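A.B. asks: Predicted structure and sequence below. I'll ask about it afterward.
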Amino acid sequence: QVQLQESGPGLVGPSQTLSLTCTVSGGSITTNYYFWSWIRQPPGKELEWMGAIAYSGSTYYSPSLKSRTSISRDNAWDMWSLRMLSLKPEDTAVYYCHARVITVVASYDYWGQGTQVTVSS
């Protein structure tokens, strides 16, 4: 059973950089057909997919966030990271790491517990 755990600062100042890490247990970040994503939910709003890194190492980003966001991974430690530049108050949200594995017959989703990030001075 794959388990995910986010880590990072809870409070970031405006215009600063956010760095979050998600650690995988019970699996490997290079396992075939897994996609490792970051998803956030601002207060009172819906979930927003931010981007993902695939088992192959390919990365994908939301067009609206692409200019400020990068995702990378550390294969040795089975973790992947989100880096987001120039934070704004509207980036305040609960940030989740998410994994999806796609097989021939089904897909499976795994979620971290989420970590609150507040952008404020």
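C.D. replies: Looks like it arrived, so ask away.

A.B. asks: list the contacts for the residue nearest the centre of the chain?
C.D. replies: Nearest to the mean C-alpha position of the chain, counting by C-alpha atoms, centre = their mean, stands Trp38 at 2.3 Å. Under the criterion of C-beta atoms under 8 Å, 6 or more residues apart in numbering, the contact list for Trp38 reads 20, 22, 49-52, 71, 82, 95-98. Glycine gets a C-beta too; all of them are placed from N, C-alpha and C.

A.B. asks: roughly how far apart are it and Val101?
C.D. replies: 17 Å (C-beta to C-beta, to the nearest Å).

A.B. asks: Need the pLDDT of the residue of the chain most remote from its centre.
C.D. replies: In the chain, counting by C-alpha atoms, centre = their mean, Val105 sits farthest out from the average C-alpha position, at 25.6 Å. Note on Val105: pLDDT of 89.

A.B. asks: Repeat that for Ile29.
C.D. replies: 87.

A.B. asks: secondary structure class for it?
C.D. replies: Secondary structure state of Ile29, per DSSP: H, G, I helix; E, B strand; the rest coil, is coil.

A.B. asks: Against Arg68, how distant is it?
C.D. replies: For Ile29, the distance to Arg68 - C-beta to C-beta - is 23 Å.

A.B. asks: how about the host helix or strand of Thr21: buried residues?
C.D. replies: Per DSSP states H and E, Thr21 falls inside strand 18-25. Neighbour-count burial for strand 18-25 flags 18, 20-24 (criterion: 16 or more other C-beta atoms under 10 Å).

A.B. asks: likewise stretch 109-121?
C.D. replies: For stretch 109-121, by 16+ other C-beta under 10 Å, it's 110, 112, 114-115, 117, 119.

A.B. asks: now do stretch 86-93
C.D. replies: 87, 91-93.
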